[in-house]
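Participant: 3D model of this:
(one chain, ligands or ions: 1)
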Amino acid sequence: MRPVRKAIFPVGGLGTRFLPATKAMPKEMLPVVDKPLIQYAVEEARAAGIEQFIFVTGRGKSAIEDHFDHSSELQATLLDRGKADLWESVRSITLEAGQVAYTRQPEPLGLGHAVWCARSLIGDEPFAVLLADDLILAERPCLKQMIDAHAEVGGSMLAVMDVPKEHTSRYGIVASPKLGGQIVEVSGLVEKPKTEEAPSTLAVIGRYILDPGVFDHLGAQQRGAGNEIQLTDAMAKLIGQSPFHGLRFEGERFDCGDKVGFIEANLAFALKRADLGPAVREILGKYTAG
Ligand code: G1P
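Facilitator: Numbers count the residues shown, from 1 in each chain. Alright, predicted model coming up:
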């Protein structure tokens with residue numbers, strides 16, 4: 001089994017749902033407590049053993065490159081001031097020389113197109129895709145859970161989660177001959193089906209391990225739901241060619257592409273922190289009492 005060494009982070013989206021906050025700032029830089037969303041995704045990938053970090057960016061996204069770059073002046077100043085903790089928090093973000101690549105998606109043509117833009121940086125090996133909007137709080141990082149399961153079954157693997165029937169139209173939805181259990185065999189995939197046409201209530205969450213054969217299908221540049229080039233449609237064509245599974249991961253997922261989900265993530269992450277939890281619990285009490 002070939003190891004999963006490379007991960008793609010599609011960060012070219014416009015972030016219209018968070019305007020005006022995202023007018024001049026990438027949506028992936030929105031902080032949950034004190035860390036930008038994209039940093040959580042990168043840290044999850046790193047904890048899962050990923051060695052190459054590939055960002056598919058677009059116009060106005062240079063803050064992401066700066067965030068993961070070495071920052072000599074800031075680091076020197078923090079050291080001078082004896083702020084060792086802050087120095088470490090800044091130093092540890094840096095992606096080392098040769099570990100990181102940025103490529104551009106010239107037009108926002110969809111998630112499938114964004115992934116396809118990274119094809120020559122991936123080559124012919126299995127790879128991961130992480131969507132920073134999906135923030136996952138888990139004891140064992142979600143991608144690590146997937147990589148461990150993938151080592152047993154190979155092929156392609158998606159993070160999946162049961163959702164209420166009325167939410168199926170927001171997601172890629174899995175069809176399977178046997179929907180139970182932690183590892184689910186995938187027999188079909190539909191992107192954002194109408195509720196009454198959804199093959200199940202098992203939704204794809206933004207973590208993928210994909211067979212490189214998906215690039216052949218993405219290369220056809222076929223438009224799907226919302227007139228976009230959908231990753232889901234290209235993945236559906238892999239089914240039957242190589243093993244394809246979903247993993248019901250352990251952990252809690254927050255939809256940070258949505259305002260309420262984003263606020264919930266901030267509360268959940270703050271409440272878990274020893275330095276902030278008690279104070280946040282107290283103010284929550286103040287706002288929810290009576
Ligand atoms: C994307 C995928 C969809 C998946 C979702 C998970 O949709 O196209 O299949 O279920 O991410 O968050 P988006 O939310 O970008 O519209």
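
Participant: starting at the chain centroid, how far to the strand or helix carrying residue 43?
Facilitator: Secondary structure from DSSP states H and E places residue 43 in helix 37-47. Chain-centre distance of helix 37-47: 9 Å, with C-alpha atoms, centre = their mean, to the nearest Å.

Participant: strand partners of the next helix or strand after that helix, parallel vs antiparallel please.
Facilitator: Proceeding N to C from helix 37-47, the next assigned helix or strand is strand 52-57, under DSSP H and E. Next to strand 52-57 in the sheet, as set by DSSP bridges, lie strand 6-10 (parallel), strand 100-104 (parallel).

Participant: buried residues, the helix holding residue 43. List them.
Facilitator: Within helix 37-47, the residues scored as buried using 16 or more other C-beta atoms under 10 Å are 37-42, 44-46. (C-beta placed from N, C-alpha, C; glycine too.)

Participant: that one packs against which elements?
Facilitator: Under the contact definition 3 or more C-beta pairs under 8 Å, 6 or more residues apart in numbering; DSSP states H and E, helix 37-47 sits against strand 6-10, helix 62-67, strand 127-130, strand 134-137, helix 142-153.

Participant: the ligand is nearest to which of those?
Facilitator: Smallest distance to the ligand across those (C-beta to the nearest ligand atom): 4.9 Å, for strand 134-137.

Participant: which strands or helices does the closest one pack on?
Facilitator: helix 37-47, strand 202-210, strand 252-255, helix 259-272.

Participant: just name the most buried of those.
Facilitator: Ranked by mean neighbour count, the helices and strands packed on strand 134-137 are led by strand 202-210 with a mean of 24 (mean count of other C-beta atoms under 10 Å).

Participant: residue 151: which of the buried residues of helix 37-47 is nearest?
Facilitator: The closest of the buried residues of helix 37-47 to residue 151 turns out to be residue 45 (C-beta to C-beta; 16.2 Å).

Participant: and the closest one, how far from residue 102?
Facilitator: In this structure, residue 45 and residue 102 are 15 Å apart, going by C-beta to C-beta, to the nearest Å.

Participant: what is the most widely separated pair among the buried residues of helix 37-47?
Facilitator: Taking C-beta to C-beta, no two of those sit farther apart than 37 and 46, at 15.2 Å.

Participant: re the thing from before, how about JSON lines for the helices and strands packed on strand 134-137, with mean pLDDT added?
Facilitator: Output for these, formatted as JSON lines (pLDDT from 0 to 100):
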{"stretch": "helix 37-47", "mean pLDDT": "98"}
{"stretch": "strand 202-210", "mean pLDDT": "98"}
{"stretch": "strand 252-255", "mean pLDDT": "98"}
{"stretch": "helix 259-272", "mean pLDDT": "97"}
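
Participant: residue 185 and residue 199, how far apart?
Facilitator: As judged by C-beta to C-beta, residue 185 and residue 199 stand 13 Å apart.
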